[in-house]
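J.: One predicted model, sequence on top.
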Amino acid sequence: MQFAESSLDCEAAATSSFAEFAGIEHILLGDLRQLLSEPVTEQSQVWISKLLDMLLDLLPGQFAAEEADGYLQEVLDEHPQWSRHIAALRQQHDDLYQSLSGLRADLSDEQSVRRRTSQVRRELRGWMDRFQSHQDAEMRLLLSEDAHTALAG
């Protein structure tokens, strides 16, 4: 993985429950979505920055947990023809992390924030949509594998 250092130890995080990561992530994204729908205030900007910091700490551990035994390996074992699609989803881990990190950096630059507050907020909403699409694509593959296994069994 090519993620920046995080306060979470990725090796330990990889052994943590994926459900824990998903639950925390769901709460953080919900809070972020709510803050992005509210009017811009100094306090909301502070909270958005804090939430982004928490997500940037969480994502490397979540991605490491997903990739610990081979990313979507059970799907790939049954459907090797999907390898390019799975590789593209795996690459999105790096892309999503890097783009969120860049948005966080934009929020750290006060001049940038003053000039581009609405643009940065739009970009954050777009990032959240891309992240959700990524998770949906993973889930579709996993559900396809489950359905295939159920029909075969």
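T.: Here it is on my side, so go on. Numbers count the residues shown, from 1 in each chain.
J.: Can you tell me the SS state at the spatially most central residue of the chain?
T.: For the chain, the residue nearest the mean C-alpha position is residue 131 (5.2 Å; Cα atoms, centre = their mean). Remark: residue 131 carries the secondary structure label helix [criterion: DSSP: H, G, I helix; E, B strand; the rest coil].
J.: thought it was touching residue 29?
T.: Yes: taking Cβ atoms under 8 Å as the definition, residue 131 is a contact partner of residue 29 at 7.5 Å. Using the backbone N, CA and C atoms, a C-beta is placed for each residue, glycine as well.
J.: At which residues are the helices of this protein located?
T.: Secondary structure of the chain (DSSP state H): helices located at 10-15, 18-37, 42-67, 73-78, 83-108, 110-152.
J.: ranking these by burial, who's on top?
T.: Each of the helices of the chain was scored by mean neighbour count; the highest is helix 42-67, a mean of 18, by mean count of other Cβ atoms under 10 Å.
J.: which helices and strands sit right next to that one?
T.: With contacts defined as 3 or more Cβ pairs under 8 Å, 6 or more residues apart in numbering; DSSP states H and E, the secondary structure elements packing on helix 42-67 are helix 10-15, helix 18-37, helix 83-108, helix 110-152.
J.: picking that back up, which stretch in the helices of the chain is the model least sure about?
T.: Lowest mean pLDDT within the helices of the chain: helix 10-15, a mean of 42.
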